[in-house]
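**Student:** Fold the following for me, if possible:
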Amino acid sequence: MLQNMEAEQQRRAREAQRHQEAEAEWCGGQEGCGRCWRGAGTADAGRDLCPSSFPFPSLTLKVQQLAREQQQCSKELQQAYCELSRRISEHDQCERRHADKTKLTLQAIKDAEDQVDRLQQEAQKAEEALALARLALREQMQEGEEEVQGLKCQVTELHDVLMKDVGDRIRADGRWPLVIDPSGQAATFLRYQDTNYVDTVNPEHLRPERMRLALLGALRYGKPLVFDLREVDLFPAVQRQLEAVQPGLAQALLSRGLLEQERYLSLLRPTDEPEYSPTQFQEARLEHFRVFFVTKAQWPPAEQLQVLLPVRVQLPGTGL
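**Tutor:** The predicted model follows:
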């Protein structure tokens, strides 16, 4: 027993010394430190955030903490978008019924827009802090390349890369594309193509029945189904709503299993219009069916990068 106690004391002493050595290496937020997550030259640069100030387990915990904060910011931003959508709807109804009260509804819309703008900035800061924390963790773990694997293209090349799939890169990979474009130009491009567009921050667009018809229409007419995630992590919400349409639909859609053996016909309902009768779904059109996810987040969650094919849009002359 005495030997065990001495061994435990020695272990604790070694761990305490390692911690002290790491603290001694902390830059203290001095200007010019390249390891500080908040950058040098600020009052709190490096404080509690310099990778060298944490033993490895603490850095992992820090990443987890920042991930929770980023998820909370994303949730609040989603709620703000929903509130803005509700205020706009109220204003439209007020215009039709009580034109004299539109001043109040317009002010409510402005307040909601201000809230969205504020939360967008907070969400961006949280995303950047999380990305830098993950980078520091990857460097300590030596997990290989920093670059996101996948495809790269410019906005002007999106039609060839996504719509035509020149070189069959998307088909060969087997995953549907996740278009990463912080500038928002890719989302604008896809919205004005012949696509069935789902704005995931709009609650009406995520209603199961609306999603079912959007999916059926894309299959029936052979065109892309686009999920615009904006800068919010709404990929899990999209999956949940697909499951609400039909259990197992999310996985069937992502794996392309929905296209096998006419499984998509299980989405039909007796009340559907004649244009959706089983005989109207033709193989020639189904070959042109696509699913695109587009995000303004520069560093999407790792889970998305595993199940979707990253297509990073580069701005001309920046290499980003």
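
**Student:** Now the residue nearest the centre of the chain. Nearest residue, chain neighbours left out?
**Tutor:** Nearest to the mean C-alpha position of the chain, by CA atoms, centre = their mean, lies residue 233 at 4.0 Å. Among residues not flanking residue 233 along the chain, residue 74 sits closest, at 4.5 Å (CB to CB, 6 or more residues apart in numbering). Placement of C-beta: from N, CA and C, glycine included.

**Student:** Next: residue 224.
**Tutor:** Excluding the flanking residues, the one nearest residue 224 by CB to CB, 6+ apart is residue 290, at 3.9 Å.

**Student:** burial of the residue nearest to residue 233, as a residue count?
**Tutor:** With neighbours defined by other CB atoms under 10 Å, the count for residue 74 comes to 22.

**Student:** Can you check what pLDDT the model gives it?
**Tutor:** At residue 74, the model reports a pLDDT of 84.

**Student:** Quick check: next helix or strand after the host helix or strand of residue 75?
**Tutor:** Per DSSP states H and E, residue 75 falls inside helix 56-97. Going down the chain from helix 56-97, the next helix or strand is helix 102-141, by DSSP H and E.

**Student:** Return the distance of that next one from the chain's centre.
**Tutor:** Its chain's C-alpha centre and that of helix 102-141 lie 13 Å apart, by CA atoms, centre = their mean, to the nearest Å.

**Student:** do the same with stretch 75-89
**Tutor:** Distance of stretch 75-89 from the chain centroid (CA atoms, centre = their mean) equals 18 Å.

**Student:** For that stretch, list the C-alpha coordinates in CSV.
**Tutor:** Presented in CSV, the C-alpha positions along stretch 75-89 are these (Å, rounded to 0.1, in the frame of the first residue of the first chain):
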residue,chain,number,x,y,z
LYS,A,75,-29.0,28.4,-32.1
GLU,A,76,-29.6,32.0,-31.1
LEU,A,77,-28.9,33.2,-34.7
GLN,A,78,-31.4,30.6,-36.0
GLN,A,79,-34.0,31.8,-33.5
ALA,A,80,-33.4,35.4,-34.6
TYR,A,81,-33.9,34.5,-38.2
CYS,A,82,-37.2,32.8,-37.3
GLU,A,83,-38.2,35.9,-35.4
LEU,A,84,-37.4,38.1,-38.4
SER,A,85,-39.4,35.8,-40.7
ARG,A,86,-42.3,36.1,-38.3
ARG,A,87,-42.1,39.9,-38.2
ILE,A,88,-42.1,40.1,-42.0
SER,A,89,-45.1,37.9,-42.1
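
**Student:** Where do the strands of the stretch 151-300 of the chain begin and end?
**Tutor:** Secondary structure of the stretch 151-300 of the chain by DSSP state E, counting those that start in this stretch: the strands cover 151-154, 177-180, 196-199, 224-230, 290-295.

**Student:** And those strands: which comes nearest residue 252?
**Tutor:** Residue 252 lies closest to strand 290-295 among the strands of the stretch 151-300 of the chain, at 11.4 Å (CB to CB).

**Student:** what angle do that closest one and strand 224-230 make?
**Tutor:** With axes from the mean of the first three to the mean of the last three CA atoms, to 10 degrees defining the directions, strand 290-295 sits at 10 degrees from strand 224-230.

**Student:** Since that was my last question, I'll sign off now.
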